[in-house]
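Visitor: the following comprises the amino acid sequence and a computationally predicted model.
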Amino acid sequence: AAGQAIGSGVNKLLEMARGSEGRGANALMSVLRDSGADLQQVKGRLADSPRLTLMDTDPGLLMTAQGLASTPGAPRRILAEAAAERVDGAKGAVKGAYDAALGPAPDPVALVKALKENTATHAKAAYEPLLAGAKPVDVTPAVERINKALTPGAMEVVTGKSTLPLTNVDKELIAARQWLTGNGAEQSFDARRLHDVQSMLREQADKLRAAGEGKAARALGDVRQDLVSAIDQATGGKGAYRAAHKMYAEDKAIEGAFAKGAEVLKNATGVKGIETGPEALREWWGSASRAEQEALRQGTRYALDQAMRASRFGARKGTEVPQMDVNREKLDLILGKKSADRLIKTLDTERTIAATNTKLFGNSETATREAAKAATAVRGAQFNPMSVGFPLVGEYVAQMAGAPGAGIGMAGLAGLNYLAQRAGRSMDLAKNEQLARMLSASGYDRADVLGQINRLLTSQASRRGAADQVGGAANLLLGSGGRSLPA
């Protein structure tokens with residue numbers, strides 16, 4: 001009889017061990033219930049990105065994963081492999097988010113070259129016919145403007161009759177006059193040459209403006225406008241030269257917009273911050289053409305790509321850019337609010353994943369980790385030879401005395417107890433391994449996880465419905481007495 005009971009117990013233990021792998025799902029159900037997580041919120045978070053896992057969605061679920069990661073073995077290995085896979089995919093995910101928002105990163109060398117060639121092609125087609133048939137250009141109005149604007153005595157400094165220092169405005173105007181009249185004894189009439197001169201005046205005015213020399217820049221700009229008017233008269237006087245000039249300016253503005261985009265996420269402080277802030281960008285954007293706006297987007301995409309490629313931690317760098325309020329405001333303008341929100345949501349997902357990986361194996365949350373470790377502890381299994389040896393000796397003595405069986409039963413129970421411990425340990429190990437897989441499942445591997453969540457949600461809804469029915473029926477019964485159950 002004792003042998004049959006022991007054999008039956010062994011068979012039951014074997015059956016329990018064989019079914020232990022399926023207990024991972026039951027363990028997950030328990031974890032989901034005990035974590036106190038809002039399951040609808042967890043389900044919604046998983047829907048945000050296929051890269052998110054259960055342990056990313058709730059602190060209680062992360063704590064369970066921390067407990068599994070704290071002990072060497074299969075669960076820790078599974079979680080480590082999942083973390084490593086997510087780290088490897090982070091840079092691609094961030095790059096993909098920016099690609100979706102702004103398009104692929106451009107080849108800056110090829111793009112700048114193409115923009116310059118486009119400008120040159122348009123300029124040649126517009127200017128060449130006009131300049132080829134131009135009459136001599138009268139630069140007198142431009143020279144007279146220079147003479148009137150020069151500080152009295154400035155030319156004496158040039159001729160050596162005075163040693164007084166020249167102002168910056170005088171220096172720039174004298175240089176412009178030399179381009180037009182040489183040493184003053186001659187005057188340029190050639191439309192092609194003067195076309196180049198007005199271009200040089202524009203470039204010099206732009207440099208002065210960038211250097212903070214606004215007065216000198218304006219003075220050169222006025223001289224240039226007189227020169228442009230003179231060339232326009234020499235090429236027919238119907239505004240054709242100015243029209244060509246406008247087209248050229250638009251092409252150059254597109255080149256400038258790409259360069260502006262490449263610098264748009266560099267934020268200065270103090271007075272210089274006025275020029276680099278969102279307010280200045282908003283003002284520029286309002287007057288920019290669609291081509292300029294697109295060029296700025298391309299420049300911005302290049303800047304983001306450059307920032308990620310230049311950093312040792314490219315993915316993290318990519319997610320940090322919009323964390324600055326000024327950059328977020330700029331991206332709202334460049335992308336549009338809805339597109340910027342989608343981008344930020346994807347980048348926040350990657351920040352969440354990175355934070356989970358850090359907490360999973362970091363050393364900064366010892367107390368949390370120890371609490372989680374206790375929740376996922378594996379039962380021990382120790383075999384004491386004496387627990388079998390002493391009963392067997394007793395059995396020998398009992399047989400000599402003519403009363404066999406008791407010792408065998410005691411030895412069998414001791415062995416059965418050890419087998420029970422082993423079976424329990426096997427079940428815990430298998431449960432934790434399955435739990436680790438479910439907590440770290442991503443993409444299509446989350447189907448079982450979502451199934452468990454849906455079943456729990458259905459069960460909760462059913463219980464609430466049953467409770468409401470019971471409460472309603474009880475209120476009907478008590479209603480005749482003027483009483484009702486509390487809500």
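Guide: On my side now, so go ahead. Given the structure is predicted, the values throughout are model-derived calculations rather than measurements. Numbers count the residues shown, from 1 in each chain.
Visitor: how much space between residue 211 and residue 454?
Guide: 66 Å (CB to CB, to the nearest Å). In short, each C-beta sits where N, CA and C put it, glycine included.
Visitor: isn't residue 79 right next to residue 67, touching?
Guide: No. Counting by CB atoms under 8 Å, residue 79 does not reach residue 67; the two are 10.5 Å apart.
Visitor: where does the stretch 51-200 of the chain have low pLDDT?
Guide: 152-164, 183-186 (pLDDT under 70).
Visitor: same check, this time on the stretch 251-400 of the chain
Guide: Across the stretch 251-400 of the chain, the ranges flagged by pLDDT under 70 are 363-400.
Visitor: where do the helices sit along it?
Guide: 273-276, 278-287, 290-309, 314-320, 325-335, 337-361, 366-375, 386-400 (DSSP state H, counting those that start in this stretch).
Visitor: of the ones you listed, which is nearest residue 129?
Guide: Minimum separation from residue 129 across the helices of the stretch 251-400 of the chain (CB to CB) falls at helix 290-309, 24.3 Å.
Visitor: who are the packing partners of that closest one?
Guide: The contact analysis (3 or more CB pairs under 8 Å, 6 or more residues apart in numbering; DSSP states H and E) places helix 290-309 against helix 74-102, helix 108-132, helix 240-263, helix 314-320, helix 325-335.
Visitor: if you set the cut-off to 7 Å instead, what comes out?
Guide: Using 3 or more CB pairs under 7 Å, 6 or more residues apart in numbering; DSSP states H and E, the elements in contact with helix 290-309 are helix 74-102, helix 240-263, helix 314-320, helix 325-335.
Visitor: buried deepest among those, which one?
Guide: Mean neighbours per residue, mean count of other CB atoms under 10 Å, is largest over the helices and strands packed on helix 290-309 for helix 314-320, with a mean of 20.
Visitor: and the contacts of that one?
Guide: Contacts to helix 314-320, defined as CB atoms under 7 Å, 6 or more residues apart in numbering, come from residues 90, 91, 94, 98, 304, 307, 308, 311, 347, 350, 351, 354.
Visitor: how does it look with 6 Å?
Guide: With contacts defined as CB atoms under 6 Å, 6 or more residues apart in numbering, helix 314-320 is touched by 90, 91, 94, 307, 308, 311, 347, 350, 351.
Visitor: share the number of residues neighbouring residue 239, please.
Guide: By other CB atoms under 10 Å, 12 other residues sit near residue 239.
Visitor: for residue 229, see how far away it is.
Guide: Note on residue 239: its distance to residue 229, by CB to CB, is 10 Å.
Visitor: do residue 132 as well
Guide: 20 Å.
Visitor: just residue 357 next, same as before
Guide: Residue 357 is 66 Å from residue 229, where distance means CB to CB.
Visitor: the more surrounded of these two?
Guide: Set residue 357 next to residue 229 and count neighbours by other CB under 10 Å: residue 357 wins out with 20 against 16.
Visitor: which of the helices of the stretch 251-400 of the chain sits closest to residue 459?
Guide: With CB to CB, the closest approach to residue 459 among the helices of the stretch 251-400 of the chain belongs to helix 366-375: 22.2 Å.
Visitor: count of residues packed around the residue lying closest to residue 344 once chain neighbours are set aside?
Guide: Counting by CB to CB, 6 or more residues apart in numbering, residue 322 is the residue found nearest to residue 344 once chain neighbours are left out, at 5.5 Å. Other residues lying near residue 322 total 20 when counted by other CB under 10 Å.
Visitor: list the contacts of residue 322.
Guide: When contacts are counted by CB under 6 Å, 6+ apart, residue 322 touches 328, 331, 344.
Visitor: ok, so of these, who is nearest residue 260?
Guide: Among the contacts of residue 322, and counting by CB to CB, the member closest to residue 260 is residue 331, at 14.9 Å.
Visitor: ok, residue 141 to residue 63 distance?
Guide: The gap separating residue 141 from residue 63 is 81 Å, by CB to CB.
Visitor: so between the two, which is more surrounded?
Guide: Between residue 141 and residue 63, counted using other CB under 10 Å, residue 63 has the larger neighbour count: 21 against 15.
Visitor: could you say which helix or strand contains that one?
Guide: Secondary structure assignment for residue 63, by DSSP states H and E: helix 59-69.
Visitor: list the buried residues for that helix?
Guide: Applying a neighbour-count criterion of 16 or more other CB atoms under 10 Å, one finds 60, 61, 62, 63, 64, 65, 66, 67, 68, 69 buried in helix 59-69.
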